[in-house]
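1. Turn this into a model:
(2 chains)
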Protein chains: 2
Amino acid sequence: MGGISPFKFLVSREEALNLLLNSIKPIDQTETVPIERAVGRVLAQNLVAKIDAPPFDRAAMDGYAVRAEDTYGASEFNPRVLRLVATLRAGETTDKRLEKGECIRIATGCPIPPGADAVVMAEFAEERGDEVLIYKPVHPLENISPRGEDIKRGEVVIMEGEVLTPAKIGVFAALGLRKALVYRKPRVAVISTGVEIVELGFDLREGCVYDVNSYTLASVLLENGADVTRAPIIPDSYEALKSALYRYLDHDMIVFSGGSSVGERDILAKVIEDEGELVFHGVQIKPGKPTLFGIVKGKPVLGMPGYPASCLSNAYVFLVPAVRKMARLPPKKPNVIRAKMGRRFVSSTGREQFLTVKVVDGKVYPVFKKSGDITSLSRADGYIILPVNLDVINEGDEVEVILFE
Amino acid sequence: MGGISPFKFLVSREEALNLLLNSIKPIDQTETVPIERAVGRVLAQNLVAKIDAPPFDRAAMDGYAVRAEDTYGASEFNPRVLRLVATLRAGETTDKRLEKGECIRIATGCPIPPGADAVVMAEFAEERGDEVLIYKPVHPLENISPRGEDIKRGEVVIMEGEVLTPAKIGVFAALGLRKALVYRKPRVAVISTGVEIVELGFDLREGCVYDVNSYTLASVLLENGADVTRAPIIPDSYEALKSALYRYLDHDMIVFSGGSSVGERDILAKVIEDEGELVFHGVQIKPGKPTLFGIVKGKPVLGMPGYPASCLSNAYVFLVPAVRKMARLPPKKPNVIRAKMGRRFVSSTGREQFLTVKVVDGKVYPVFKKSGDITSLSRADGYIILPVNLDVINEGDEVEVILFE
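-> Predicted coordinates:
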């Protein structure tokens, strides 16, 4: 304390994010999951169709399977007359070969009988006992969905790396596949530190506060494709941090939060320096300056600010892109709206600033809370980013609001 | 078959959606969930703070707790000198009352000792043995986060009906609460029908296809806040449909899919008419005309088209808004981009049309698949809506693409 700056190399937000993302390796391991639980997961191999879909030429309409040439010249006033020789209801098939002058009543989805090459829609036909009057000609292949029209055997239908949507789940189902090979989720350990931090459900001792960060971080991570281990709270001591670091090195990433006082912030940096490589320590951003990142035994280790709001806002800035890269999920597209400020705001931090805001009647108002307050986030609709060199933003100025979702 | 139209009252998409949504009642029942699994759930009661957060006046900075008046007049060249009488590290408290001329070294987050009314930042102080030189004055309350600044006891911090975000999970944690009372999820039964539909993992008999719809519907429902029961496949017979309907009436909503042929489509409509009220049967939309909706014993019953792509596209149009209303989730905001058509497209259906598209190099191209094909959706980036009266859309025309997410 007393004049010692813990942040020797403050990096900009962009630098920090680049350094972080360049160190993150996407997960290579895979796992097999039932398709009913696979939506949102990332496919780990090209899906090659082993069958055609549809598996046979089928009727695309209810009507009459015909030989197209038997219908040529038909019109409302001059119908062609065909002999009805069979009926195919859903799920039924026939080996009966359609001969000249014959037709077969057919339901949508049924296999086209041999000999037929088109379907006349029911609307353009009329049954008279054993005969069917055809009022409109069809050309060959009309109203037939040919085998493999949707998916051809041998075709790559979904590529490795694609995120499984409901439609892609449907492709698996159309091919009869119950399981998908996907990349496993990144496993992230979240560790709140500090002797003043109390686990929920326990009484608050004097001078203590409840653990917020491991819950907010876990929520953000779950929403972004990770499996999370919430570790027990540990003190901000060198030995405790080092021992927790090694205990959770079997995870893909370790996220510490805490160390709000200067001395404590340095301890994690020291542990990382001693055991691996400290990549950055301190970011030119408000809130969230005391953020650090390093690599220990090949595993990324993040140190997040102790203040709940700073911790969560930095989780959106740094942790979300990092874990999504690891999970092979595409970067989250920010939901941005442009709107005018409803009042003046003065900022002179010398750092890029994240200002949480509410949008009321189309106008943007700062959430009147200190940046350490969790309610500065829970009551916000989103945030605006004020550049390093901007001091005043006036009522009526247009800003871009990045909405929380 | 043969001229009998099953759709006596084709309704427009807007009408259908209004009729559907007006019949949907949001879930009233609640359940208690641990907060680490509560993100995305809907709070079922106002959350009233039972404690203050922070629970005590605390230091917002590392530095020295002082009586502000002892610092007045201090400057770089004329420091005030205070006596260092104690040190408070994280989690520590003291009963020592600060007297005139004294200061206490204090870490961020520690309770302000009695008698002190401000904190001098470490940067503006210098220790000399038992004395501390103060180089900058502070005013009373400076660098103190007062008790209740973030959350005041008795205050409503989250309102009934709000969707729990990571920040709101953080509010629960800040109050020491491990559990949240939320509305339970809607329970939706999904039933694929048709003798030609085969469960995944079984061999395809001739003339049969795999069940796609129960998987795509389940995926969409899971993504939109529902719990899903995938029922066994049943035939499209009156008795089977009726018996399945009653078997799953303990759910909040029942979704049938199938009945692609005219006769089959009528059977479910008949069952609903006999057992309850058929609200609409047939929508002026392509794909997805054979969609029906009714109420049986107070429960909404949807009949979706049998074709996988029609079924899924109508799930986005009708089922998603319905289940979100039931789950008390806000309507999904469509992610819309404006872009120019990369080629001409002719449509003359006389119905509103959903055309699935890909966006390549900023230009919009229809996915060249029949609307029945599941790959018409799995390969699309989104869709455009062509109005009833639009026949041709030209290359270069600007369109709104609603992106799948």
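
2. Name the helix or strand for A:Glu76, please.
-> For A:Glu76, there is no host helix or strand (DSSP states H and E).

3. And stretch A:359-378, end to end?
-> 14 Å (C-alpha to C-alpha, to the nearest Å).

4. now that stretch, how far from the chain's geometric center?
-> In terms of C-alpha atoms, centre = their mean, to the nearest Å, the centre of stretch A:359-378 is found 27 Å from the chain centre.

5. Identify each of the helices in the stretch 101-250 of chain A and give its residue range.
-> For the stretch 101-250 of chain A, applying DSSP state H, counting those that start in this stretch gives helices covering A:166-174, A:213-223, A:238-247.

6. Among those helices, which comes closest to B:Glu239?
-> helix A:166-174 (26.6 Å; C-beta to C-beta). Heads up, the C-betas are built off the backbone N, CA and C, glycines and all.

7. returning to that earlier point: save the helices of the stretch 101-250 of chain A as CSV, and put in mean pLDDT too.
-> Shown next, in CSV, are these (pLDDT from 0 to 100):
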stretch, mean pLDDT
helix A:166-174, 96
helix A:213-223, 96
helix A:238-247, 97
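
8. okay if I get the ones you listed as a markdown table plus mean neighbour count and distance to chain B?
-> Formatted as a markdown table, the helices of the stretch 101-250 of chain A follow (neighbours: other C-beta atoms under 10 Å in any protein chain shown; distance: least, C-beta to the nearest C-beta, whole Å):
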| stretch | mean neighbour count | distance to chain B |
| --- | --- | --- |
| helix A:166-174 | 27 | 4 |
| helix A:213-223 | 26 | 4 |
| helix A:238-247 | 17 | 13 |
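
9. right, and the ones you listed - which one's nearest B:Ala16?
-> helix A:166-174 (20.7 Å).

10. ok, and what's touching the closest one?
-> Around helix A:166-174, the neighbours that count as contacts under C-beta atoms under 8 Å, 6 or more residues apart in numbering or on different chains are A:35-36, A:38-39, A:43, A:47, A:53, A:150-151, A:157-158, A:162, A:178, A:180, B:200, B:209-213, B:215-217, B:219-220, B:223, B:308, B:312, B:315, B:374-375, B:377-378, B:380, B:404.

11. Return the members of those residues classed as buried.
-> A:35-36, A:38-39, A:43, A:47, A:53, A:150-151, A:157-158, A:162, A:180, B:200, B:209-213, B:215-217, B:219-220, B:223, B:308, B:312, B:315, B:374-375, B:377-378, B:380, B:404 (16 or more other C-beta atoms under 10 Å in any protein chain shown).

12. Tell me which other helices or strands the helix or strand of chain A with the lowest mean pLDDT touches.
-> Of all helical and strand segments in chain A, the minimum by mean pLDDT, DSSP states H and E falls on strand A:285-286, at a mean of 86. Here strand A:285-286 touches strand A:352-360, going by 3 or more C-beta pairs under 8 Å, 6 or more residues apart in numbering or on different chains; DSSP states H and E.

13. Past the strand it packs on, which element shows up next along the chain?
-> Counting by DSSP H and E, what follows strand A:352-360 is strand A:363-366.

14. residues making contact with the least confident helix or strand of chain A?
-> So strand A:285-286 is in contact with A:Arg13, A:Ala16, A:Thr291, A:Asn314, A:Val317, A:Thr349, A:Arg351, A:Glu352, A:Gln353, A:Phe354, A:Ser371, going by C-beta under 8 Å, 6+ apart.

15. Top of the residues you listed by number of neighbours, please.
-> A:Thr291 (29 neighbours; other C-beta atoms under 10 Å in any protein chain shown).

16. thought that one was touching A:Val301?
-> No - counting by C-beta atoms under 8 Å, A:Thr291 sits too far from A:Val301 to count as a contact (11.8 Å).

17. Count the residues that sit near A:Val398.
-> Actually, residue A:398 is Glu rather than Val. Neighbour tally, A:Glu398, other C-beta under 10 Å: 10.

18. now do A:Ile337
-> Around A:Ile337 there are 14 residues (other C-beta under 10 Å).

19. I'd like the contacts of strand A:285-286 laid out as a markdown table, including distance to A:Gly396 and pLDDT.
-> Compiled in a markdown table, the contacts of strand A:285-286 are given as follows (distance: C-beta to C-beta, whole Å; pLDDT from 0 to 100):
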| residue | distance to A:Gly396 | pLDDT |
| --- | --- | --- |
| A:Arg13 | 27 | 92 |
| A:Ala16 | 33 | 95 |
| A:Thr291 | 34 | 91 |
| A:Asn314 | 30 | 91 |
| A:Val317 | 28 | 92 |
| A:Thr349 | 23 | 71 |
| A:Arg351 | 25 | 82 |
| A:Glu352 | 23 | 86 |
| A:Gln353 | 20 | 86 |
| A:Phe354 | 22 | 86 |
| A:Ser371 | 24 | 67 |
